[in-house]
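Trainee: Pasting the sequence and the predicted coordinates here, then a few questions.
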Amino acid sequence: MNHVLPDLALMPVIELSGVFVGALSGGLAAVRKQFDIFGILVLAWATGLGGGIMRDVLIGVTPPVGIADWRFIAVACLAGVVMYLFNPRLERARRMILVLDAGALALFCVSGTLKALELGAGAVAAVSAGIITGIGGGVLRDLLTGEVPVVLHQRQLYAVPAVVGAVLTAVLWVLGSLTLFTAGAAVVVVFGLRVAALRFRLQAPGPW
Amino acid sequence: MNHVLPDLALMPVIELSGVFVGALSGGLAAVRKQFDIFGILVLAWATGLGGGIMRDVLIGVTPPVGIADWRFIAVACLAGVVMYLFNPRLERARRMILVLDAGALALFCVSGTLKALELGAGAVAAVSAGIITGIGGGVLRDLLTGEVPVVLHQRQLYAVPAVVGAVLTAVLWVLGSLTLFTAGAAVVVVFGLRVAALRFRLQAPGPW
Amino acid sequence: MNHVLPDLALMPVIELSGVFVGALSGGLAAVRKQFDIFGILVLAWATGLGGGIMRDVLIGVTPPVGIADWRFIAVACLAGVVMYLFNPRLERARRMILVLDAGALALFCVSGTLKALELGAGAVAAVSAGIITGIGGGVLRDLLTGEVPVVLHQRQLYAVPAVVGAVLTAVLWVLGSLTLFTAGAAVVVVFGLRVAALRFRLQAPGPW
């Protein structure tokens, strides 16, 4: 690989942040469904780590870090416990899930693309892997709680920020400009796009 | 491998046709659920490429062509756009999904079995892989739209044509008689079986 | 590997028992949904083999035995046929699914952990793989029949026995004390825990 990310050591921080935030959204969805503490932990785990597990399986990294690295598992379970202890049972829960989900989406689609590129995947496969990392956990959360996945039915843009983030990361990589700073900027762009879509109800056109 | 498929170069055509037709059925299901354009694209992608992605993961081909080959992704997205632009909003939509689905089933169970055999999988694994390629996309489409998968609840034969097609392909391979012509004939047999089951309401026996 | 399981030759018996019992639970769920004979077979296959297939994919064993070994497929289909022929249509069906499911859970979380350890996975990955083997088939069964997975919404302990069984197996392995006898004891512990949870309504605390 001829592209060096000097502060690559900090990347796990980005990925673990995504796991924590994603797992929070899973734990909150579980609380809303009145699952017990273990159901909350399982859903936190699946939501926080599901996207990364799909990515690793798709690019041939076995066993995936989501089942092999105790830190990832611990962070996801911690998020579940936090949500169990401090669950607000508030009406704003739905909004909070959406914002947490936006954060995880942003962190995951950038870190997922990056990991695939580092492992030598081609640009197309890396972008796909990044998008799947970004949306996979939320899809799993929604399927497991009997909801239609937010990526499909949400009128406010959801897939588009993920695609933008993955493509941006791949382009920065190809240009040799991917540093922790630019990667962080890509995360901010994705998060901003998604939150703006929520805030200003930016809607994609539906069927005629 | 001692079995040669001289016109193997044409196989991608069969597989891409399956992707297009499967993605059309996914796009149509998305239109019926009133998803927006991006939901339609995601579901077209998942339906058109899901079965092949499962197959590739199961036989150890990573990254799967469904995420790595831009042609496959482009064809699936094209099918989504076509369905978005020309969606008929007609009552016959349900029937159209079923026929498109039959075409994808036929193309996928044959091409999926063949790909597994080419990659050195045993006959049992190849037949299983072919069946999963055939039914996987439709299962994913139905799960993602909150429906019980058609392969399970459809009284009209669905799994049987897929099994017939996969076994037929494997037998032809073992006999050394697999050419584009015989593979095409297997596709026609599967499609014919499935459409006949729909047309004549060939029902499998239910529980007593 | 420095840990030897002298009577390892008997392990397939444990695993095949799990497949049979898990597939029975899948077949019964299919009967309850009024699926036809082929829907019953597909769901029996998915429930009996799904957990093991997920495990194999996660630890890099391709193709998974669940698609490549005809004995596993035959046992799962046999269970489907048995359930089709002798389905009782009784009110106690729901309870029977739960007990069968407990048996499969116990057999799978022990054998799944063991298989991962034998293949050189680390302890954390092996425990995760064992848990996923244990709960995966049931999750698939519930998703495919449109139910919220029992592991999430069941108030009676479900994930806990699986975790106990996987951890117990890994500890016995590390201590070099894993024999067919101790593995069998672990299976009994998991099954006993789960059945006791059902019988005495041992409930995990829900959200406040």
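Mentor: Here it is on my side, so go on. Numbering: from 1, shown residues only, chains lettered A, B, ... in the order given.

Trainee: Scan chain A for its longest helix.
Mentor: Criterion DSSP state H: the longest helix present in chain A is helix A:93-118.

Trainee: That helix close to chain C?
Mentor: No: on the criterion Cβ under 8 Å from any Cβ of the partner chain, helix A:93-118 is out of touch with chain C, staying 11.0 Å away. The C-beta positions use only the backbone N, C-alpha and C, and glycine is treated the same way.

Trainee: Show me what the strand or helix carrying residue A:75 is packed against.
Mentor: In the assignment (DSSP states H and E), residue A:75 maps to helix A:70-86. Contacting helix A:70-86 under the criterion 3 or more Cβ pairs under 8 Å, 6 or more residues apart in numbering or on different chains; DSSP states H and E are the following elements: helix A:11-32, helix A:37-58, helix A:65-68, helix C:123-144.

Trainee: The residue lying closest to residue A:19 once chain neighbours are set aside: what's it in contact with?
Mentor: Leaving aside its sequence neighbours, residue A:19 sits nearest to residue A:48 (Cβ to Cβ, 6 or more residues apart in numbering or on different chains; 4.3 Å). Counting by Cβ atoms under 8 Å, 6 or more residues apart in numbering or on different chains, residue A:48 touches A:18-20, A:22-23, A:26, A:72, A:75-76, A:79, A:104, A:137.

Trainee: Format these as CSV; extra columns: distance to residue C:162, neighbour count and pLDDT.
Mentor: As requested, the contacts of residue A:48 are exported to CSV (distance: Cβ to Cβ, whole Å; neighbours: other Cβ atoms under 10 Å in any protein chain shown; pLDDT from 0 to 100):
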residue, distance to residue C:162, neighbour count, pLDDT
A:18, 26, 29, 88
A:19, 22, 34, 93
A:20, 24, 21, 92
A:22, 22, 34, 92
A:23, 19, 35, 94
A:26, 18, 36, 93
A:72, 19, 25, 94
A:75, 21, 24, 95
A:76, 17, 29, 96
A:79, 20, 27, 93
A:104, 26, 29, 89
A:137, 21, 33, 93
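
Trainee: Residues of chain A that sit close to chain B?
Mentor: Proximity of chain A to chain B, by Cβ under 8 Å from any Cβ, involves residues A:57-60, A:116, A:121-122, A:124-125, A:128-129, A:132, A:135, A:139, A:143, A:146-149, A:151-155, A:157-160, A:203-208.

Trainee: Low-confidence ranges, chain A, go.
Mentor: Residue ranges of chain A with pLDDT under 70: A:1-11, A:88-94, A:207-208.

Trainee: picking that back up, which entries within the residues of chain A next to chain B meet the buried criterion?
Mentor: Buried subset of the residues of chain A next to chain B (neighbour count, 16 or more other Cβ atoms under 10 Å in any protein chain shown): A:57-60, A:116, A:121-122, A:124-125, A:128-129, A:132, A:135, A:139, A:143, A:146, A:148-149, A:151-155, A:157-160, A:204, A:207.

Trainee: Can you report how many residues lie near the closest residue to residue A:128 other than its chain neighbours?
Mentor: Spatially, and ignoring its direct neighbours in sequence, residue A:128 is nearest to residue B:67 (3.6 Å; Cβ to Cβ, 6+ apart). Residues lying near residue B:67 (other Cβ atoms under 10 Å in any protein chain shown) number 28.

Trainee: Also residue A:200?
Mentor: Residue A:200: 9 surrounding residues under other Cβ under 10 Å.

Trainee: Need the phi and psi values for it.
Mentor: Note on residue A:200: its backbone torsions stand at phi -100, psi 10 [degrees, to the nearest 10].

Trainee: So for stretch A:173-193, what gets flagged as buried?
Mentor: Across stretch A:173-193, burial judged by 16+ other Cβ under 10 Å covers A:173, A:178, A:180, A:182-183, A:186-187, A:189-191, A:193.

Trainee: ok, so of the residues you listed, who is nearest chain B?
Mentor: Taking Cβ to the nearest Cβ as the measure, chain B sits nearest to residue A:193 out of the buried residues of stretch A:173-193, at 12.7 Å.

Trainee: Tell me if I'm right that the closest one and residue A:157 touch.
Mentor: Yes: Residue A:193 is within contact range of residue A:157, at 6.9 Å (criterion: Cβ atoms under 8 Å).

Trainee: Please name the residues that touch residue A:137.
Mentor: By Cβ under 8 Å, 6+ apart, the contact set of residue A:137 is A:22, A:26, A:46-52, A:104, A:108.

Trainee: can you list those residues in JSON lines and add distance to residue B:112?
Mentor: As requested, these are arranged in JSON lines below (distance: Cβ to Cβ, whole Å):
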{"residue": "A:22", "distance to residue B:112": "32"}
{"residue": "A:26", "distance to residue B:112": "33"}
{"residue": "A:46", "distance to residue B:112": "28"}
{"residue": "A:47", "distance to residue B:112": "31"}
{"residue": "A:48", "distance to residue B:112": "32"}
{"residue": "A:49", "distance to residue B:112": "29"}
{"residue": "A:50", "distance to residue B:112": "25"}
{"residue": "A:51", "distance to residue B:112": "26"}
{"residue": "A:52", "distance to residue B:112": "27"}
{"residue": "A:104", "distance to residue B:112": "33"}
{"residue": "A:108", "distance to residue B:112": "30"}
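
Trainee: Among these, which one lies nearest to residue C:13?
Mentor: Comparing those against residue C:13 with Cβ to Cβ places residue A:46 closest, at 31.3 Å.

Trainee: give the contact list for that closest one.
Mentor: Residue A:46 is in contact with A:26, A:137, A:140-141, A:144, counting by Cβ under 8 Å, 6+ apart.

Trainee: how about the residues of chain A near chain C?
Mentor: Within reach of chain C by Cβ under 8 Å from any Cβ, chain A has these residues: A:30-31, A:33-43, A:53, A:57, A:60, A:62-64, A:67-70, A:73, A:84, A:87, A:89, A:143-146.

Trainee: change it to 6 Å
Mentor: Selection of chain A residues close to chain C by Cβ under 6 Å from any Cβ of the partner chain yields A:31, A:34-39, A:42, A:57, A:62-63, A:67-68, A:70, A:87, A:144, A:146.

Trainee: Of the residues you listed, grab the buried ones for ChimeraX.
Mentor: Restricted to buried positions by 16+ other Cβ under 10 Å, the ChimeraX selection for the residues of chain A next to chain C reads:
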select /A:31,35,36,37,38,39,42,57,62,63,67,68,87,144,146
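
Trainee: sorry, back to before: can you redo the buried residues of stretch A:173-193 as CSV with secondary structure?
Mentor: Listed next are the buried residues of stretch A:173-193 as CSV, based on DSSP: H, G, I helix; E, B strand; the rest coil:
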residue, secondary structure
A:173, helix
A:178, coil
A:180, helix
A:182, helix
A:183, helix
A:186, helix
A:187, helix
A:189, helix
A:190, helix
A:191, helix
A:193, helix
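
Trainee: These into JSON lines, with extra columns for distance to residue B:168?
Mentor: Shown next, in JSON lines, are these (distance: Cβ to Cβ, whole Å):
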{"residue": "A:173", "distance to residue B:168": "45"}
{"residue": "A:178", "distance to residue B:168": "49"}
{"residue": "A:180", "distance to residue B:168": "55"}
{"residue": "A:182", "distance to residue B:168": "53"}
{"residue": "A:183", "distance to residue B:168": "50"}
{"residue": "A:186", "distance to residue B:168": "49"}
{"residue": "A:187", "distance to residue B:168": "50"}
{"residue": "A:189", "distance to residue B:168": "51"}
{"residue": "A:190", "distance to residue B:168": "47"}
{"residue": "A:191", "distance to residue B:168": "51"}
{"residue": "A:193", "distance to residue B:168": "49"}
